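*Asks:* I would like to see how this sequence folds:
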Amino acid sequence: MSIVSMATSEVVLQVLSGAAPRLLSSDLGSSSSDLALYSKCHFKSVKKKGSRYFKSLKCSSMIRYHIGSYNYRRLVGGFDRNAAINRLGLLGFKCQQADHGSGVGMDEGNGAPFVDNANESNLSGSMNSPKKLEFEDSELLKREKEMLASAGTGTTTFYKSGIDSIEDEAWSLLRDSMVYYCGSPIGTIAANDPTDSGVLNYDQVFIRDFIPSGIALLLKGEYDIVKNFILHTLQLQSWEKTMDCHSPGQGLMPASFKVRSTPLDGDDSATVEVLDPDFGEAAIGRVAPVDSGLWWIILLRAYGKCSGDLSLQDRIDVQTGIRMILRLCLADGFDMFPTLLVTDGSCMIDRRMGIHGHPLEIQSLFFSALLSAREMLTPEDGSDDLTRALNNRLIALSFHIREYYWIDLVKINEIYRYKTEEYSFDAVNKFNIYPDQISPWLVEWMPHKGGYLIGNLQPAHMDFRFFSLGNFWAIVSGLATTNQSHAILDLIEAKWADLVAEMPFKICYPALEGREWQIITGCDPKNTPWSYHNAGSWPTLLWQLTVACIKMNRPEIAAKAVAVAEKRISSDKWPEYYDTKKARFIGKQARLFQTWSIAGFLVAKLLLADPNAAKMLTTEEDSELVDAFSSLVCGNPRRKRGPKTYIV
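*Replies:* Numbering: from 1, shown residues only. Purely as a prediction, here's the structure:
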């Protein structure tokens, strides 16, 4: 029996026995030199669309082994009778040495074929003896027929021997969504719905979408894919992309990227794999992502905390990447506030929803990324100014959010009695908020016990909507005080029927309706009331809720939400989001088998089983920040400004 045949048989046997195939991986960045980013892959400049150029990571693919594996999806009362066959392309390849700006070399000494023989490596990534590969194809076909017959008759034979739980199904789906580059897994696609022909960009690897996938894999002890993702996206950071001849700021991370195969120059028998990123120039709405770089820093810290491998964050190229993101975010501009000024559609809510300005989600992630970066930054000549700016921003940002974004019954009553048009340094109503902005829904909705951080604050405007991710991550990062964090969870418990209902968790509350929806969303047909970003329910938010609850030692709240999700999410085929006020319907345009819905559920389950693991994501209140915040409050924040100093 040939090597390929034996390997094929081994994969099918593992799938039939319920073991999900493990992806081949390589340990990028394991060189002793910090400057050696890749030992096998290289950069090459390629001309694209006339005057536009981009740097692309390339790898010569010489041989492809296509191995079919049956993928059974769990349905209510049994399994899909039509077994979906996925083609897993395993690449036998030779990669070249890292060389910026050079062509693709074909030196035989630069690498060996990825698959040499069955004794060295099997398809699950573990060592195999020849005995494990010795079985006849006839026996294999016989077992396949038995399993298909069992699934067709509705018996539970396959269920018991294969997928034994929702978690097993989720893990199988998560692995099916993995994307490979140069033979190694580097991320997960946004959605893997076999029935959906309108792919759009759901077949790409999104940075924000991969975060729960990466956390789940870290908790499972599979570190290589997260390390690969971190290093590959780092190399995409400095690409020169443009929108109408305009280039974004240096240090910007892409929203997503895609692995594309193109013929190798001068050799039609070989292909070159190219990482093609999207910084927003091809996205719906053409908005660059603000949160990608922030999530990247948070994941980098989580990788070090979970794996114990701190050498990755200490690398020169990684340290440079952190500093580039910080300089982009900390750059001085026209804005007077310490919060990060961004446009609509620059975060998880990536369409027009009236969150332009200083949305809470970005501020919470910004604060978390600043703390994570400060923890990971190594001393460097000339970095004193960056460190000083980082510390100053942390103090100002924490004070600003805690003082001006917080809302509860006491604060609402204070706003209700605001005087307006106050011109002075000691004004009480600093942002000239008009009391008529307090909506009737807020007066009726706010519980006596509890509160939350509002969605946005700008001159003469307070967005009183409850935005889930921003509040969750304010707890996780320590941006909210301990009392505020408990009050947010109190509000969630008090308003469970509104925020959780039949599927957690509302992305925001309440929905924009009527004329307000028309004006603010631009009559967006996808963001109709109680759908998608307009107060739709997103299962992926389970994992952020779980981390927040565990940090505050109230895991029973998250466990209750997970139990609600378990009743439907698998039978509904893991939708992207749910519609209606009570989340009774699968979203009208929701993708099925949405990867971050799958991964978010897995992370929630894993963290509830091991709450101590949540520490890789949480940060405690910094003593210096607490002292600084106390001194600002005790020193009367409405005090008059001191004498001006002029520099001539």
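*Asks:* rest of the way, CA atoms for contacts and neighbours
*Replies:* OK.
*Asks:* end to end, how far does stretch 607-618 reach?
*Replies:* 12 Å (CA to CA, to the nearest Å).
*Asks:* again with stretch 502-512
*Replies:* First-to-last distance for stretch 502-512 - CA to CA - comes to 20 Å.
*Asks:* I'd like to know the average pLDDT value across that stretch.
*Replies:* Averaged across stretch 502-512, pLDDT comes to 98.
*Asks:* what comes into contact with that stretch?
*Replies:* 465-469, 499-500, 528-530, 533-539, 541-542, 561-562, 564-565, 578, 582-584 (CA atoms under 8 Å, 6 or more residues apart in numbering).
*Asks:* Now, of those residues, which are buried?
*Replies:* 465-469, 499-500, 528-530, 533-539, 541-542, 561-562, 564-565, 578, 582-583 (16 or more other CA atoms under 10 Å).
*Asks:* Now go through these and say which are in helices.
*Replies:* Cross-referencing those against helices under DSSP state H gives 468-469, 499, 541-542, 561-562, 564-565.
*Asks:* Which members of the residues you listed are the farthest-apart pair?
*Replies:* Greatest spatial distance in those: Leu469 and Val564, 18.9 Å, computed using CA to CA.
*Asks:* Just the closest of the ones in helices among the buried ones among the contacts of stretch 502-512 to Cys347, please.
*Replies:* Leu469 (10.5 Å).
*Asks:* Tell me who's in contact with that closest one.
*Replies:* Here Leu469 is in contact with 361, 507, 541, 544 (CA under 8 Å, 6+ apart).
*Asks:* now swap in Ala460 and tell me
*Replies:* Applying CA under 8 Å, 6+ apart, we find Ala460 in contact with 431-434.
*Asks:* could I get these as TSV with distance to Ile215, secondary structure and pLDDT?
*Replies:* Below are these laid out as TSV (distance: CA to CA, whole Å; DSSP: H, G, I helix; E, B strand; the rest coil; pLDDT from 0 to 100):
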residue	distance to Ile215	secondary structure	pLDDT
Phe431	39	coil	92
Asn432	42	coil	91
Ile433	40	coil	94
Tyr434	43	coil	94
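*Asks:* picking that back up, and the ones in helices among the buried ones among the contacts of stretch 502-512, which is closest to Leu341?
*Replies:* Of these, the one sitting nearest to Leu341 (CA to CA) turns out to be Leu469, at 17.7 Å.
*Asks:* Please report the distance of the closest one from Leu252.
*Replies:* 22 Å.
*Asks:* go on, Ile407?
*Replies:* 33 Å.
*Asks:* Over to Asp381?
*Replies:* From Asp381 across to Leu252, the span is 23 Å (CA to CA).
*Asks:* Between those two, which has more neighbouring residues?
*Replies:* Taking neighbours as other CA atoms under 10 Å, Asp381 and Leu252 compare with Leu252 leading, 24 against 5.
*Asks:* Which pLDDT value belongs to the more buried one?
*Replies:* 91.
*Asks:* List phi and psi for it.
*Replies:* Backbone torsions of Leu252, given as degrees, to the nearest 10, read phi -70, psi 130.
*Asks:* so what's it up against?
*Replies:* Contacts of Leu252 (CA under 8 Å, 6+ apart): 237-238, 279, 290, 293, 325, 328.
*Asks:* Filter those down to just the buried residues.
*Replies:* Buried, going by 16+ other CA under 10 Å: 237-238, 279, 290, 293, 325, out of these.
*Asks:* possible to save the residues you listed as JSON lines with distance to Ser346, pLDDT and secondary structure?
*Replies:* Shown next, in JSON lines, are the buried ones among the contacts of Leu252 (distance: CA to CA, whole Å; pLDDT from 0 to 100; DSSP: H, G, I helix; E, B strand; the rest coil):
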{"residue": "Gln237", "distance to Ser346": "17", "pLDDT": "88", "secondary structure": "coil"}
{"residue": "Ser238", "distance to Ser346": "19", "pLDDT": "66", "secondary structure": "coil"}
{"residue": "Phe279", "distance to Ser346": "11", "pLDDT": "89", "secondary structure": "coil"}
{"residue": "Val290", "distance to Ser346": "5", "pLDDT": "94", "secondary structure": "coil"}
{"residue": "Gly293", "distance to Ser346": "12", "pLDDT": "96", "secondary structure": "helix"}
{"residue": "Ile325", "distance to Ser346": "15", "pLDDT": "96", "secondary structure": "helix"}
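*Asks:* Closest one of those to Glu421?
*Replies:* When the buried ones among the contacts of Leu252 are ranked by distance to Glu421 (CA to CA), Val290 comes first, at 33.4 Å.
*Asks:* Report the contact partners of the closest one.
*Replies:* 252, 342, 346-347, 362.
*Asks:* and if you look at Trp574?
*Replies:* 592-594, 597-598.
*Asks:* Distance to Ser372, secondary structure and pLDDT added to those residues, as TSV?
*Replies:* Below are those laid out as TSV (distance: CA to CA, whole Å; three-state DSSP; pLDDT from 0 to 100):
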residue	distance to Ser372	secondary structure	pLDDT
Leu592	34	coil	96
Phe593	32	coil	97
Gln594	28	strand	97
Ser597	25	helix	98
Ile598	26	helix	98
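*Asks:* quick one: which of those residues is nearest Gly221?
*Replies:* Taking these together and measuring to Gly221 by CA to CA, the closest member is Ile598, at 17.8 Å.
*Asks:* how about the nearest residue to the closest one once chain neighbours are set aside, secondary structure?
*Replies:* In this structure, Ile598 finds its nearest non-sequential neighbour in Ala170, 5.7 Å apart by CA to CA, 6 or more residues apart in numbering. Classification of Ala170 using DSSP: H, G, I helix; E, B strand; the rest coil returns helix.
*Asks:* what do you get for Ile454?
*Replies:* Looking at Ile454 with three-state DSSP, the answer is strand.
*Asks:* Tell me the predicted confidence for it.
*Replies:* On pLDDT, Ile454 comes in at 98.
*Asks:* do the same with Phe79
*Replies:* According to the model, Phe79 scores 36 on pLDDT.
*Asks:* ok, now Ala282?
*Replies:* At Ala282, pLDDT is 79.
*Asks:* Need the phi and psi values for it.
*Replies:* When quoted as degrees, to the nearest 10, the phi and psi of Ala282 stand at phi -110, psi 0.
*Asks:* residue boundaries of the helices in the stretch 251-400 of the chain?
*Replies:* 291-307, 311-314, 316-330, 360-376, 384-404 (DSSP state H, counting those that start in this stretch).
*Asks:* Reformat the ones you listed as a markdown table; add distance to Asp203.
*Replies:* Below are the helices of the stretch 251-400 of the chain laid out as a markdown table (distance: least, CA to CA, whole Å):
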| stretch | distance to Asp203 |
| --- | --- |
| helix 291-307 | 18 |
| helix 311-314 | 28 |
| helix 316-330 | 26 |
| helix 360-376 | 25 |
| helix 384-404 | 36 |
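*Asks:* Show me the shaky parts of the chain.
*Replies:* 1-164, 238-243, 625-626, 628-648 (pLDDT under 70).
*Asks:* nearest spatial neighbour of the residue nearest the centre of it, skipping sequence neighbours?
*Replies:* Nearest to the mean C-alpha position of the chain, by CA atoms, centre = their mean, lies Arg208 at 2.7 Å. Closest residue to Arg208 apart from its sequence neighbours, by CA to CA, 6+ apart: Ser292 at 6.0 Å.
*Asks:* my guess is Met253 meets Phe279, correct?
*Replies:* Yes - under the criterion of CA atoms under 8 Å, Met253 makes contact with Phe279 at 7.1 Å.
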